[in-house]
Structure formats: C-alpha cells, structure tokens
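Trainee: Got a predicted structure here, sequence first:
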Amino acid sequence: MHFDLLHTDSKSKARAGVLHTDHGPVETPIFMPVGTAGTVKGVHQEELKSEVQAQIILGNTYHLYMRPGMEIMEAAGGLHQFINWDKPILTDSGGYQVYSLSGSNKITEEGVRFQSHINGSYHLFTPERSIEIQRQIGADIIMAFDECTPYPCAYDYAKNSMHMTHRWLKRCFAYMNESQPLYGHNQALFPIVQGSVYRDLRVESAEEIAKHDAIGNAIGGLSVGEPEEEIYEMTDLVCNILPKDKPRYLMGVGTPANILECIALGVDMFDCVMPSRNARHGMLFTSEGIINIKNQKWEKDFSPIDPNGVAGTDTFHSKAYLRHLIISKESLGLQIATIHNLAFYLWLVKTAREKIKTNEFSTWKDEMLPKLRRRL
RNA sequence: GGGGGUGUCGCAUAGUGGCUAUUGCAGCAGACUGUAAAUCUGUCACCGGAAGGUAUCGUUGGUUCGAGUCCAUCCACCCCCA
C-alpha cells in the first residue's frame, strides 16, 4: 500500500492524492461512510457504489467482534467476502468505544475491559487483541488501539492517557510484525495522535506518531464536544508535524463545513456518522443548506431533495414525498435520506479534489461555507 | 314510544369527593461529529420570553368546607326492546 501526493493547493495546505490499496485506489481528500456492524445503515453495497460513489467504508472492531464474532468472520473469508464489498475497508480499533462506552468499561495498562452493550458479558481488549481481531476482519487499513479521551479532559489525564496510547501503539506494531494477513491482501496500520486540546501534548504526540513512519497517520480525540475552533487549531498543529507524503486521517469529523476547513489544513481522509445518523433523524445536508425534512414547511414542497444533487434519489424524489416517508416511519425514507446525505458528502470531497488540482480550492471553499452552514 | 349506557386538552385513555387532571398517539420544534441512536430532548387548554397568571372534564343548576367524581336538568351519541 502506498500514497501518491498529486497536488498541493497554492493558497492553502489542501492536498489531492491517491492511496493505493490491494482493493483499489482511494482518491483523497475522501469521506468514508461508516459501516459499523458490516453495513452502512440503510444503504446496500450496490447503492454505495452507484449512488453514493463510496470508495472506502468503515467497519468497527468492537461491534463485529461482538456480532457476528470472529469464528463466523473467518469462516466467511473476512469482511470483504462476508458483506460482498470489493473496495477498500478501514476498521476502527475499538478505541472509540473506550470513550463512547466509558460507563461500562475499565482501562488499565494492559488494555480495556469492556462490558458488552448487547448482553453485559465482559471482554478484554488489548492492543494485541485489537490487531488480532482486525487481522481476522481483514480490513485494508486498520487502526491502532487507543484511548479516545473525552472533552473536557484534565491535562494530567490527557497526558497520561496519551503516553499510554503511545505505549499501546508500540504493542500494536509489534503484534502487526509478528502476525500475517489472513486473506491474501496487505493491511496497513495507522497510528493515532492524541493529546486532547493541549498544544504541547498534541505536538509531542504528533512527533511520536511521525517516528513510526507508518503508511498513513490519524488524528483522534477531536470532535468529542470541544468548540470548533479547537478542532481546527489542533488539526493545524498536528498536520504541520505529520509527514507530508503520508495520508492524514482525521477521525470522526465532521460537518460539511468541518471537512472543508480541515481539508484546507492538510487532512486527506474523514469519516463521520453524522451524514448517515442525521439522515435517519431527518436532517439533510444539501448544496444549498441544511434541511430538517420533518418540519412542516416542506409538507407541500414538491421540488427535488437537492436540484444540484448527484444521487438519483436527489432528483427522483421530492421533499414532500421524503417528508411523508420519514414522518410515516417508512424504511424507504431512511434509505433515501441516507443515500442523499452520503452522496452529498462524497460530492463535496470529489469537488474539493477537483478544485485543489486547479488551485481554486480556497475560493470555492469560501463560497461554499456560508451555504453549508445555512439552515433552510 | 319504553329501557339502559356514554360524554375528560386533535384522537384514544386514567381518574368515582381532597393539593398544580394521568398516560399514549398524533402535532410542533430541537439535538446528534472514529454509531449502545430508524434515537433522545423539549413543547403540546389560553396569555406570557420567563417567572407567573387565567381557565377547563357536553349544558345549566344544585349538594358540599371542597365536585371531573354525587344529585337534577337539558343536549348529543350509542345499545336493546317495540
């Protein structure tokens, strides 16, 4: 696996490149739809390709380990085979669940003792175990096992946690080196920068992560409730330290505006549940602004969901119809809304790529931001 | 014509003498950032930004310190018998 940096924008730090994997290329900047449990909720694999135009999707170590479990995963021949997806996959390590399930787990130097959200049973995740499971899942890109610290986070806690994440990282790489891919394609381990919102910690972490000379690097622990400015400040700081010739993945971010801002800072890869989850909750991101499709104002609006949209669903279906489906709790409504939002996100990063290559990115970004933030 | 029953905030419900009338649905809005989320929160008689104020259990009257609750009356609807 390797990354080709094709072009850097003349007026910002935005970059366009291609990450080559054994399951094909990923053009960056890219948005990766989240498919936690072996499915991007509400969207089947053919629609992900044709309508959404996804190039790579996420899976989650914790969720897939809980269900269906690794016995079935291996018997299926890995996640690609299991879900019939021949493009790249990235798996999160379970590090985010250290944060999101923090009420039911216990962190020690050895690892994290999780209590299953399904049946309450106890499971120990260590860096080694996380990598082993990610070998069994077989994603192209696998993530280091880290602690995603909450916000706010006391300095001392953030510092100790970061150092532990660094120690865990060494164990992740060690286990990578002593194990082999199971399904005939290569896997790359991305380390993760932590350090909460503390500049000195972020610098220290980014420098530590950069030493590993990984194929790609990730920035974690952001967009967990801190002000937007902090996301940008930390991202900028870290991007200036991480190697230029390697892709940078900002985990869990974000809104369409977040994504354009962070592309401008030199981020190449993004993932976020927002387009998919919020779609199910009736929020649509469009090229003209944000729509809450459940609002009464759309009741008799028979115009397309997004006249500038790229997905078929955007022009086949009216706002009034989608509102009716969502309000009626019809599953087709969730599907259409999710496809729309994801297609919009993929359109956004595709357009960003094109604008970077022609050095028009900054101008275009400034035009887009007010529209992306506007409530319709 | 005779007998019986029922009327509670859009709908459905709880409430059979005692503080601000219950709950669900629908409605209206908001939240959501490496997915414990097709979820959660607020609001939902009227006025008010809020504090708060004013009402109200089909109608009108009555009993009572106190009535959605008891009594009478009328109105509406339902059922049964002719």
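Mentor: Yes, it's here. Because the structure is predicted, anything quoted here is derived from the model rather than measured.

Trainee: which residue ranges form the helices in the stretch 51-200 of chain A?
Mentor: A:61-66, A:70-76, A:79-83, A:95-100, A:127-137, A:155-178, A:199-211 (DSSP state H, counting those that start in this stretch).

Trainee: what's the spacing between the strand or helix carrying A:L346 and its chain's center?
Mentor: Using DSSP states H and E, A:L346 falls within helix A:331-357. Between the centre of helix A:331-357 and the centre of its host chain there is 14 Å, according to Cα atoms, centre = their mean, to the nearest Å.

Trainee: average pLDDT across it?
Mentor: Helix A:331-357 carries an average pLDDT of 97.

Trainee: If you count neighbours, what's buried in it?
Mentor: A:333-353, A:355-356 (16 or more other Cβ atoms under 10 Å). C-beta here means a position set from N, CA and C on the backbone, and glycine is covered the same way.

Trainee: one step back: just tell me which of the helices of the stretch 51-200 of chain A ends up closest to RNA strand B.
Mentor: helix A:95-100 (3.1 Å; Cβ to the nearest atom of the strand).

Trainee: Helix or strand: which one has the residue of chain A positioned farthest from its centre?
Mentor: Largest separation from the mean C-alpha position in chain A: A:K300, at 35.3 Å (Cα atoms, centre = their mean). Under DSSP H and E, no helix or strand contains A:K300.

Trainee: Run through the residues that contact it.
Mentor: Residues near A:K300 by Cβ atoms under 8 Å, 6 or more residues apart in numbering: A:A320.

Trainee: residue closest to the middle of chain A?
Mentor: Residue closest to chain A centre, computed by Cα atoms, centre = their mean, is A:D271 at 1.8 Å.

Trainee: my guess is it is in a helix, correct?
Mentor: No. Under DSSP: H, G, I helix; E, B strand; the rest coil, A:D271 falls outside any helix and is assigned strand.

Trainee: Wait, it touches A:N258, no?
Mentor: No. Using Cβ atoms under 8 Å, A:D271 is not in contact with A:N258; the gap is 12.0 Å.

Trainee: centre of the chain versus stretch A:172-183, how much separation?
Mentor: 23 Å.

Trainee: same question but for stretch A:130-138, I mixed them up
Mentor: On Cα atoms, centre = their mean, the centre of stretch A:130-138 falls 18 Å from that of its chain.

Trainee: Any chance you could list what contacts it?
Mentor: A:59, A:61, A:64-65, A:70, A:73-74, A:78-80, A:89, A:91, A:93-95, A:142-143, A:145, A:172, A:175-176, A:179-183, A:185, A:187, A:189.

Trainee: next one: stretch A:72-81
Mentor: Against stretch A:72-81 from outside (Cβ under 8 Å, 6+ apart): A:23, A:38, A:59, A:64, A:82, A:85-86, A:89, A:91, A:136-139, A:182-183.

Trainee: Spell out which residues of the stretch 101-250 of chain A are next to RNA strand B.
Mentor: Selection of the stretch 101-250 of chain A residues close to RNA strand B by Cβ under 7 Å from any atom of the strand yields A:101, A:103-104, A:117, A:143-144, A:146, A:148, A:192, A:218, A:220-221, A:223-225, A:228.

Trainee: quick one, strands of the stretch 201-350 of chain A?
Mentor: A:217-219, A:248-250, A:269-272, A:283-286, A:289-292 (DSSP state E, counting those that start in this stretch).
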